[in-house]
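Engineer: test case, fold it:
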Amino acid sequence: MKKSLEHFGLEKPEFDYYCTLRISRKHLPIQNCKLDCVAQYFQLGEFKHHNALDDAITCARIFYKLKNNFDISEFKKNFCEVEQKLVKGVKQKTASEIMIRNKRADISKAIGLNGSQIVGADNFFDYSDIDFSKTFRVVGRFTDMSVGQIESAILRMGGNIVNSVSEYPDYVIVGAKQSVSTAYGEFDDEAYIAKKAGIKVVSERHFLSQVY
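Structural biologist: From the prediction side, this is the model:
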């Protein structure tokens, strides 16, 4: 929403918001806090999952269930206040941000390597469970969904998107279609750079198996 407002030069509205995913993860005694799982926990009935209107209505109903049953005050954020902190640069450095700065040197070194030096094909992808509270970079060409749809799924699950592997995301999601021309191999160049830098590289198939 912020990017859309910036793109069209529109004034940012001031409002408070909450993340129902983060609230659910803290308070609900269930392992999976995807929208449909939380709706089932609260016995909200059937709805058309992944239909934009149905998802929005169900999310609103979940919010009121959470609000009426738990103290959610710690999750309250202001849309404009967060943006102002980012713009003015007054946000304090966190430990993760310091780690990102230190790791950028590793990524820069990786850019100069040949594909054969980066990683073998056998152990390229990470198949562990994905933590959707982390940061993601989406690269390559996808077979079953567009990049926009992949990013929307990540945001819906509670993750954050970065625009470059140089921002050192926790995960890089790679499309299954092979690239026709890259410096390092058959996938997007950023996938190989991420692998060399120790970032988890996830295949399209494994990502979709974790989301749906």
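
Engineer: what separates the closest residue to residue 140 other than its chain neighbours from residue 58, distance-wise?
Structural biologist: Spatially, and ignoring its direct neighbours in sequence, residue 140 is nearest to residue 175 (3.2 Å; C-beta to C-beta, 6 or more residues apart in numbering). For glycine as for every other residue, the C-beta is placed from the backbone atoms N, C-alpha and C. Distance of residue 175 to residue 58, computed by C-beta to C-beta, to the nearest Å: 29 Å.

Engineer: center of this structure, which residue is that?
Structural biologist: With distances taken as C-alpha atoms, centre = their mean, residue 159 lies nearest the centre of the chain, 3.2 Å away.

Engineer: and for it, nearest residue in space, chain neighbours not counted?
Structural biologist: The shortest distance from residue 159 to any non-neighbouring residue, by C-beta to C-beta, 6+ apart, is to residue 132 (4.7 Å).

Engineer: I'd like the next helix or strand past the helix or strand of the chain with the lowest mean pLDDT.
Structural biologist: Within the chain, no helix or strand scores below helix 115-118, which has a mean of 41 by mean pLDDT, DSSP states H and E. Remark: after helix 115-118, the chain's next helix or strand is strand 135-139, criterion DSSP states H and E.

Engineer: direction included, what does that next one pair up with?
Structural biologist: Note on strand 135-139: by DSSP bridges, its sheet partners are strand 160-161 (parallel), strand 171-174 (parallel).

Engineer: and it, how far out from the chain's middle?
Structural biologist: Averaged C-alpha coordinates place strand 135-139 at 7 Å from its chain's average position (C-alpha atoms, centre = their mean, to the nearest Å).

Engineer: residues touching that strand, excluding its own?
Structural biologist: 147, 150-151, 154, 159-165, 167, 169-175, 187-188, 190-191, 194 (C-beta atoms under 8 Å, 6 or more residues apart in numbering).

Engineer: buried ones among those residues?
Structural biologist: Among the contacts of strand 135-139, those classed as buried by neighbour count (16 or more other C-beta atoms under 10 Å) are 150-151, 154, 159, 161-162, 165, 169-175, 187-188, 190-191, 194.

Engineer: can you list the low-confidence ranges for the chain?
Structural biologist: Within the chain, the segments meeting pLDDT under 70 span 82-122, 179-186.

Engineer: going along the chain, name the helices of it.
Structural biologist: Taking DSSP state H as the test, the helices found in the chain are 2-7, 20-27, 35-41, 52-69, 79-88, 95-111, 115-118, 147-156, 189-196, 204-211.

Engineer: so for residue 124, which of the ones you listed sits nearest?
Structural biologist: Proximity to residue 124 (C-beta to C-beta) singles out helix 189-196 among those, at 6.5 Å.
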